[in-house]
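Enquirer: sequence and computational prediction follow.
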Amino acid sequence: MKTKDLIEEAISLPVEERAMFVDSLLKSLNPPESEIDKKWVLVAKRRLEELRSSRVETVPGEEVFKKIMKRYIL
């Protein structure tokens, strides 16, 4: 099967199946590493707990992007 044909067939799939297809392709390029994944889970859990306990202050995404644009783009 030619790449073009494969792409056309993939595009014709329902959204959920396309997402699974893309996920599989991406994992084939960058296979998960269980030790790194475990460390990221710990970081994510710690950050979630910091948010829930109000130990950190959240900043709206819009504000963050404005600061980035002001500092680096404009």
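Expert: Nice, I can see it.
Enquirer: helix, strand, or coil at the most centrally placed residue in the chain?
Expert: With distances taken as C-alpha atoms, centre = their mean, the chain has Asp23 as the residue nearest its mean C-alpha position (10.9 Å). Classification of Asp23 by DSSP: H, G, I helix; E, B strand; the rest coil places it in helix.
Enquirer: just use 429 as the starting number from now, easier for me
Expert: Yep, numbering from 429; the last one is Asp451 now.
Enquirer: look up how far Glu445 lies from it.
Expert: 11 Å (C-beta to C-beta, to the nearest Å). Quick note: C-beta positions are derived from backbone N, CA and C, even for glycine.
Enquirer: can you give me the strands for the chain?
Expert: Taking DSSP state E to define them, one finds no strands in the chain.
Enquirer: where does pLDDT dip in it?
Expert: Along the chain, the model assigns pLDDT under 70 to residues 502.
Enquirer: can we see that at 50?
Expert: The chain contains no residues with pLDDT under 50.
Enquirer: can you give me the helices in this protein?
Expert: Ranges of helices in the chain, per DSSP state H, are 431-439, 443-457, 462-480, 489-496.
Enquirer: what are the contacting residues of the shortest one?
Expert: This points to helix 489-496. For helix 489-496, there are no external contacting residues (C-beta atoms under 8 Å, 6 or more residues apart in numbering).
Enquirer: ignoring the adjacent residues along the chain, who's closest to Ile439?
Expert: Setting aside the residues directly before and after it, Ile439 is nearest to Arg446 in space (C-beta to C-beta, 6 or more residues apart in numbering), at 7.3 Å.
Enquirer: distance check, the one you found against Glu491.
Expert: Arg446 sits 34 Å away from Glu491, going by C-beta to C-beta.
Enquirer: ok, those two, which is more surrounded?
Expert: Using other C-beta atoms under 10 Å, the more surrounded residue of Arg446 and Glu491 is Arg446, with 13 against 10.
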